[in-house]
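[1] Build me a model from this:
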Amino acid sequence: MVYRLYNADNELLYVGTTNNLERRMQSHRYDKPWWPNVADIQTETFASAVEAVEAERAQIKSLEPKHNVIHHGSYPENRQPCMSTPISGKKLGRARVNAILSHRELAIRAGLSPTTVLKLENAEISTPHPRTIRKLADALAIDARELLED
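    Okay, here's the model as predicted:
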């Protein structure tokens, strides 16, 4: 999905891609100083993440949103879509037990819900967002690669 953020004067502020709009908007609320200026959100869905990234790149170039990094000359032309990575529930469970943590304690340290940790360990969620894997690894004080499927 490609999303476009506009201010009250209909000026395009930002173009981005996401597979979870609510989570992405929450992230912007906390880390973008221009967020209070957002008055409208428009979205466009695509058949694949690759198509969405290509559309995002084209829109940034053609529409020149005020806050995209392309204006600073650093937009990565070879940016790849953020793909989920398979995680091993067994490895996660062993790492949690080795760290002497309950599901709840790990969840709190990682900033996740206990249900998410449990579902990951039980393989009900097998391909979490890479950021989730990083949060878990940081909370367990291990390298994130130790949690991945072989």
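[2] tell me what the helix or strand where residue 120 lies is packed against?
    For residue 120, the element it lies in under DSSP states H and E is helix 114-121. Judged by 3 or more Cβ pairs under 8 Å, 6 or more residues apart in numbering; DSSP states H and E, the packing partners of helix 114-121 are helix 89-98, helix 103-110, helix 130-140. Heads up, the C-betas are built off the backbone N, CA and C, glycines and all.
[3] I'd like the ones you listed as TSV, with mean pLDDT, mean neighbour count and distance to residue 148 appended.
    Listed next are these as TSV, based on pLDDT from 0 to 100; neighbours: other Cβ atoms under 10 Å; distance: least, Cβ to Cβ, whole Å:
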stretch	mean pLDDT	mean neighbour count	distance to residue 148
helix 89-98	94	16	8
helix 103-110	92	18	16
helix 130-140	88	18	7
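[4] will you turn the ones you listed into JSON lines that also has distance to residue 56?
    Below are the helices and strands packed on helix 114-121 laid out as JSON lines (distance: least, Cβ to Cβ, whole Å):
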{"stretch": "helix 89-98", "distance to residue 56": "32"}
{"stretch": "helix 103-110", "distance to residue 56": "28"}
{"stretch": "helix 130-140", "distance to residue 56": "18"}
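[5] wait, which of those helices is closest to residue 14?
    Nearest of those to residue 14, taken as Cβ to Cβ: helix 130-140 at 19.1 Å.
[6] can you list contacts of that closest one?
    82-85, 87, 92, 95-96, 99, 101, 106, 109-112, 116-117, 120, 143-144, 146-148 (Cβ atoms under 8 Å, 6 or more residues apart in numbering).
[7] tell me the pLDDT at the closest residue to residue 44 other than its chain neighbours?
    Nearest non-adjacent residue to residue 44, counting by Cβ to Cβ, 6 or more residues apart in numbering: residue 2, 4.7 Å away. Predicted confidence (pLDDT) at residue 2: the value is 94.
[8] For residue 2, the count of nearby residues, please.
    Neighbour count of residue 2, defined by other Cβ atoms under 10 Å: 22.
[9] Cool, thanks, signing off.
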